[in-house]
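# coords please:
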Amino acid sequence: MRDPENLRALAALAPDFVGFIFFPRSKRYVGNDFDPAVLDVLPATTQRVGVFVNESLAEIQALANRYQLDLLQLHGDEPPDVCRQLQAAGHRVMKVFSVGETFDFAQLDAYEPFCDFFLFDTKGAERGGNGVTFDWSILKNYEGPVRFFLSGGIGPESAEAIQAFAHPQLYALDVNSRFEKEPGVKAVEEVKAFWVFVAADLTAGAVPPPLRIERKDS
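Residues are numbered from 1 along each chain as shown. Purely as a prediction, here's the structure:
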């Protein structure tokens, strides 16, 4: 997100996470003149997520410090050692993995010690933002210790499927392009209606996963 007024409206919903794209090739790139003060409208409980694609360590850390990012999402081909170095520098790290018709969970083993979260997205032509949902049943084979964000084509019609999806390591939902008026501008009322529906209709005693508002694409 990059529009101040749209961000202010979204902040009123107090989402758990809000994502900002620091990938220049993205049509949702915040820009190189994005004022850190714009983020001051976010409540203290909302975590700031920076999204990076094959960026240098020095640049990631510089932007993390400038924008006081709480979580760094690595959406490229970053090896485990990049995650290790960022964690060693005191940053929290999320690594994105694209899921196709099948997925080899063994590839996660090398990342587990150095990631606070994983994010499972749909494999497609772009690095996220493909607007397509993968087969969530594939995740039944994930038995690792790292909690994950669920992403990939989640839209207003996904609420019932989310209610039916159960996984002990599901931590948050990442909603993005299906809740946009235009690239980088969220349809705030649709986001609100979706989350109220999901939270209200969960089974008794269940706690809805945190809501993450973001757009990730190349």
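
# Can you tell me, leaving aside adjacent residues, what's nearest to the residue nearest the centre of the chain?
Nearest residue to the geometric centre of the chain (C-alpha atoms, centre = their mean): D174, 4.8 Å. Leaving out its chain neighbours, the residue that sits closest to D174 by C-beta to C-beta, 6 or more residues apart in numbering is S151, at 3.7 Å. All C-beta atoms are positioned from the backbone trio N, CA, C, and that covers glycine.

# Okay, the one you found and Q61: tell me how far apart.
The gap separating S151 from Q61 is 24 Å, by C-beta to C-beta, to the nearest Å.

# Show me which of the two is the more surrounded one.
More neighbours surround S151 than the other of S151 and Q61, with 25 against 18 (other C-beta atoms under 10 Å).

# Help me confirm that F179 comes into contact with A187.
Yes. The pair F179 and A187 qualifies as a contact (C-beta atoms under 8 Å) at a distance of 5.3 Å.

# Compare those two and say which one has the larger neighbour count.
Neighbours per residue (other C-beta under 10 Å) separate F179 from A187, with F179 holding more: 21 against 17.

# the helices in the chain, which residues?
Secondary structure of the chain by DSSP state H: the helices cover 4-11, 57-66, 80-88, 159-164, 188-200.

# Need these in CSV (columns: mean pLDDT and distance to T102).
As requested, those are exported to CSV (pLDDT from 0 to 100; distance: least, C-beta to C-beta, whole Å):
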stretch, mean pLDDT, distance to T102
helix 4-11, 91, 35
helix 57-66, 98, 31
helix 80-88, 99, 22
helix 159-164, 83, 20
helix 188-200, 81, 28
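
# what about the protein, any weak spots by pLDDT?
In the predicted model of the chain, residues 124-131, 200-218 satisfy pLDDT under 70.

# Measure how buried the spatially closest residue to C83 that is not a sequence neighbour is and give me the count.
Distances taken as C-beta to C-beta, 6+ apart place F114 nearest to C83, at 3.8 Å, with adjacent residues excluded. The tally of other residues near F114 (other C-beta under 10 Å) stands at 19.

# Report the contact partners of the residue nearest to L108 when sequence neighbours are not counted.
Closest residue to L108 apart from its sequence neighbours, by C-beta to C-beta, 6+ apart: G144 at 5.7 Å. By C-beta atoms under 8 Å, 6 or more residues apart in numbering, the contact list for G144 reads F105, L108, D109, E112, F118, Q169.

# Going by neighbour count, which of these comes out on top?
When neighbours are counted by other C-beta under 10 Å, F118 leads the contacts of G144 with 21 neighbours.

# show me what contacts the residue nearest to C83?
Going by C-beta under 8 Å, 6+ apart, F114 touches P80, C83, R84, L86, Q87, V93.
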